[in-house]
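K.L.:
here is my input; please provide its structure:
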Amino acid sequence: MNWSAFFLSVVGCMGHWRTLNVALELGDWDFMLENFKKGAPPSLEVLHLSARAGQSSGDTVLFGENPAPPRLKEISLVSIPIKLAPLQLGGLKSFTIERMEMISAADVLNVVRGSPAIEFISFRCPVDVHPSHQASPHSGAFGSPSIHLNSLTHLSLSDLPMPSLNLVLSTIAAPHLQTLEIDCELQEASIGELLEALRHQLATLARLTANAQTFKVCLSSYACYRIVIGGLDLMLFMDELLVNASEETFDWVCNHLGRSLKDLPAYLEAIDWEPEIPSRLEWFTHHLTITQLKLHSDPYFGTALETIIPFLSRPTTSTPMTWLLPQVEIIETNLVWGDGNADIVKMINNRHSAESGKDGAAAPKAFREIWLSYRGKGYRNPPLVDLEFLQEVGRVANGADVYWEKEKLTDIDNYKP
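P.N.:
A predicted model of the protein is given here:
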């Protein structure tokens with residue numbers, strides 16, 4: 001039975017529906033909308049509609065231009081070009097829109113404004129801010145947001161144009177927010193807009209990060225910086241920026257979270273290679289205390305991240321001379337191939353045998369834990385292992401715990417995979 005036939009077989013019970021969840025991967029979804037033209041299921045409380053990106057085009061009026069059901073508390077629209085205004089949405093507990101065509105920020109904020117008890121908001125799509133909407137009388141002045149949401153605990157904003165991000169963050173106040181997720185792409189001209197947008201939420205940023213005992217930083221290709229600390233998850237794509245501009249932007253963020261991050265233990269994850277990674281790691285060395293490092297590269301699509309290993313094997317040539325990430329005590333990497341891997345052994349040995357003052361640099365901390373896994377292409381069970389390599393790691397580990405594919409090696413010389 002196809003989707004259309006199934007839907008027609010149950011549409012007669014529409015009056016009893018409380019939840020409608022339709023995820024269409026293929027085909028036309030107009031058959032479903034046709035059945036809503038006479039009105040909405042009166043008891044509907046949850047509505048999830050999703051389609052594949054690009055599957056539908058043009059705005060569609062849901063429920064035949066009638067308002068949404070009065071009991072509707074949760075709505076999620078993914079790649080479905082629904083007109084929001086005719087629905088007169090209000091009183092929502094959860095509001096999600098993703099991968100929709102450009103929609104009006106005024107319509108989106110009107111839904112939020114009419115839902116004072118809303119708990120969950122996720123916007124993952126372009127939201128158009130027309131000039132008239134930027135000067136809307138509902139918009140709050142700096143430091144004076146116009147929409148107060150005392151029940152909101154989760155706010156996620158992704159892929160919004162910078163003016164839209166600024167508008168949302170300047171308009172909404174959520175004193176009990178537990179999670180704030182922001183994902184955006186920066187250009188040189190938009191740095192100031194991002195910083196202005198974050199200034200509206202400085203008190204929230206400080207509250208979300210106040211009790212964090214550690215935090216996570218991710219650095220991947222295309223200059224993607226991500227910081228996860230407490231209830232804050234901020235991802236910035238800065239590949240169009242010069243290295244110093246991206247570092248200065250990230251530094252501003254780190255210094256405006258209501259607390260110093262310099263001495264807070266950090267977990268750094270580097271994913272795939274780009275030529276600027278050594279200089280970016282050197283910046284982290286001087287600005288953060290990285291105690292745990294993960295080096296990961298996709299076996300099929302990843303770039304040559306193993307090129308970073310020699311940089312971790314010796315002091316820098318810059319002034320002042322230092323080892324990269326000298327506070328790292330736990331290292332995890334999947335940069336292990338079928339044979340060889342002498343560069344990993346050399347890196348461990350050099351860091352463990354370094355002497356403070358030699359070459360003008362303080363010695364890095366010795367590793368407490370070394371986690372290794374196989375990066376080669378193709379599925380293998382058990383994964384390919386070079387016993388000689390593991391034995392060499394054990395020889396230079398100086399008492400550090402060594403793990404292979406998440407298994408602790410207690411007797412490397414007699415290890416059998």
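
K.L.:
and the next helix or strand past the least confident helix or strand in the chain by mean pLDDT?
P.N.:
The least trusted helix or strand in the chain, going by mean pLDDT, DSSP states H and E, turns out to be helix 131-134, with a mean of 41. Following helix 131-134 in sequence order, the next helix or strand is strand 147-148 (DSSP states H and E).

K.L.:
any residues touching that following strand, and which ones?
P.N.:
For strand 147-148, the external contacting residues (Cβ atoms under 8 Å, 6 or more residues apart in numbering) are 109, 112, 113, 116, 138, 140, 171, 172, 173, 174, 175. In short, each C-beta sits where N, CA and C put it, glycine included.

K.L.:
so who does the last one touch?
P.N.:
Yep, that's residue 175 we're talking about. 148, 150.

K.L.:
that one falls within a helix, correct?
P.N.:
No: Residue 175: not assigned to a helix; according to DSSP: H, G, I helix; E, B strand; the rest coil it is coil.

K.L.:
now do the end-to-end distance for stretch 332-351.
P.N.:
Length of stretch 332-351, first residue to last, Cα to Cα, to the nearest Å: 15 Å.

K.L.:
pLDDT of it, averaged?
P.N.:
Across stretch 332-351, the average pLDDT comes to 88.

K.L.:
do the same with stretch 197-208
P.N.:
93.

K.L.:
below-threshold pLDDT in the stretch 251-400 of the chain: ranges please.
P.N.:
Along the stretch 251-400 of the chain, the model assigns pLDDT under 70 to residues 338-340, 376-384.

K.L.:
can you give me the helices in it?
P.N.:
Applying DSSP state H, counting those that start in this stretch to the stretch 251-400 of the chain gives helices spanning 277-287, 342-353, 387-396.

K.L.:
looking at these, which is closest to residue 321?
P.N.:
Distance to residue 321, taken as Cβ to Cβ, is lowest for helix 277-287 among the helices of the stretch 251-400 of the chain, at 11.0 Å.

K.L.:
dump the helices of the stretch 251-400 of the chain to JSON lines, plus distance to residue 197 and mean neighbour count.
P.N.:
Shown next, in JSON lines, are the helices of the stretch 251-400 of the chain (distance: least, Cβ to Cβ, whole Å; neighbours: other Cβ atoms under 10 Å):
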{"stretch": "helix 277-287", "distance to residue 197": "23", "mean neighbour count": "17"}
{"stretch": "helix 342-353", "distance to residue 197": "40", "mean neighbour count": "19"}
{"stretch": "helix 387-396", "distance to residue 197": "46", "mean neighbour count": "17"}
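
K.L.:
want to throw those into TSV with distance to residue 330?
P.N.:
Below are those laid out as TSV (distance: least, Cβ to Cβ, whole Å):
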stretch	distance to residue 330
helix 277-287	16
helix 342-353	13
helix 387-396	15
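
K.L.:
for residue 312, find the nearest of those helices.
P.N.:
Here helix 342-353 is closest among these (Cβ to Cβ), at 5.2 Å.

K.L.:
can you check what angle separates that closest one from helix 387-396?
P.N.:
10 degrees (axes from the mean of the first three to the mean of the last three Cα atoms, to 10 degrees).

K.L.:
elements contacting helix 342-353?
P.N.:
Judged by 3 or more Cβ pairs under 8 Å, 6 or more residues apart in numbering; DSSP states H and E, the packing partners of helix 342-353 are strand 330-336, helix 387-396.

K.L.:
flag every buried residue along the helix or strand following the longest one.
P.N.:
Right, helix 387-396. Per DSSP H and E, the first helix or strand lying C-terminal to helix 387-396 is strand 401-404. Buried residues in strand 401-404, counted by 16 or more other Cβ atoms under 10 Å: 402, 404.

K.L.:
do the same with stretch 206-215
P.N.:
Neighbour-count burial for stretch 206-215 [16+ other Cβ under 10 Å]: 207, 208, 209, 212, 215.

K.L.:
residue ranges of the strands in the stretch 201-350 of the chain, please?
P.N.:
Applying DSSP state E, counting those that start in this stretch to the stretch 201-350 of the chain gives strands spanning 215-220, 224-229, 232-237, 265-271, 289-296, 330-336.

K.L.:
in a markdown table, list those along with distance to residue 91.
P.N.:
Shown next, in a markdown table, are the strands of the stretch 201-350 of the chain (distance: least, Cβ to Cβ, whole Å):
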| stretch | distance to residue 91 |
| --- | --- |
| strand 215-220 | 36 |
| strand 224-229 | 32 |
| strand 232-237 | 28 |
| strand 265-271 | 41 |
| strand 289-296 | 44 |
| strand 330-336 | 47 |
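
K.L.:
for residue 42, find the nearest of the ones you listed.
P.N.:
strand 232-237 (38.2 Å).

K.L.:
which residues touch that closest one?
P.N.:
Here strand 232-237 has contacts from 179-186, 194, 205, 208-209, 218, 222-228, 246, 249-250, 253, 257, using Cβ under 8 Å, 6+ apart.

K.L.:
same thing but at 6 Å, please
P.N.:
Identification of contacts with strand 232-237 by Cβ atoms under 6 Å, 6 or more residues apart in numbering yields 180, 181, 182, 183, 185, 186, 208, 209, 224, 225, 226, 227.
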